[in-house]
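1. Provided below for reference: sequence and predicted model.
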Amino acid sequence: GVTLAAIVNLTSTANSTYKFCDEAGTSSMANWKNDLELVFTLCPGEKISFNETVTLMFNVVNGPDDQESPAIFLGGSLQVVTMREVPVTKLNIPLLGVPSGSDPLKIVVPKFSIRSIKQSNPVAS
């Protein structure tokens, strides 16, 4: 599987950086809910403007095993607005020789096969 790490902020088209807080209002990273849902909560007083593009950035640490691209959904809610959960689009196109390698969070562990190695010497000894 994968591990999401170092989730500290998000940036927007307004060139601002938002800070996240935990449920107690303490500056924090995003919080996992039931190990399946990653929750980003803005600190009190932080705002996102209408029609503002927001980009979430985080590091992903791949696990040691192959993994197909999982179903990923994004959704959101504010005090007065809810964005319904929608699936992240998968392009299913090859990338670097890997079928569907462009799909998010797909992990392929490289494998090498050696059938035989031979050496020949044209001079008899």
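-> Yes, it's here.

2. Could you report the separation of residue 38 from residue 47?
-> With distances taken as C-beta to C-beta, to the nearest Å, residue 38 is found 21 Å from residue 47. Backbone N, C-alpha and C define where each C-beta goes, glycine included.

3. out of the two, which sits in the busier spot?
-> Per other C-beta atoms under 10 Å, whichever of residue 38 and residue 47 has more neighbours is residue 38, with 15 against 10.

4. per-residue confidence for that one?
-> pLDDT recorded at residue 38 is 75.

5. Let me see the backbone angles for it.
-> phi -100, psi 120 (degrees, to the nearest 10).

6. Report the separation between it and residue 21.
-> 15 Å.

7. what's the answer for residue 84, then?
-> From residue 84 to residue 21 the distance is 24 Å (C-beta to C-beta).

8. tell me the secondary structure for the most centrally placed residue in the chain?
-> Nearest residue to the geometric centre of the chain (C-alpha atoms, centre = their mean): residue 60, 5.6 Å. With DSSP: H, G, I helix; E, B strand; the rest coil as the basis, residue 60 sits in strand.
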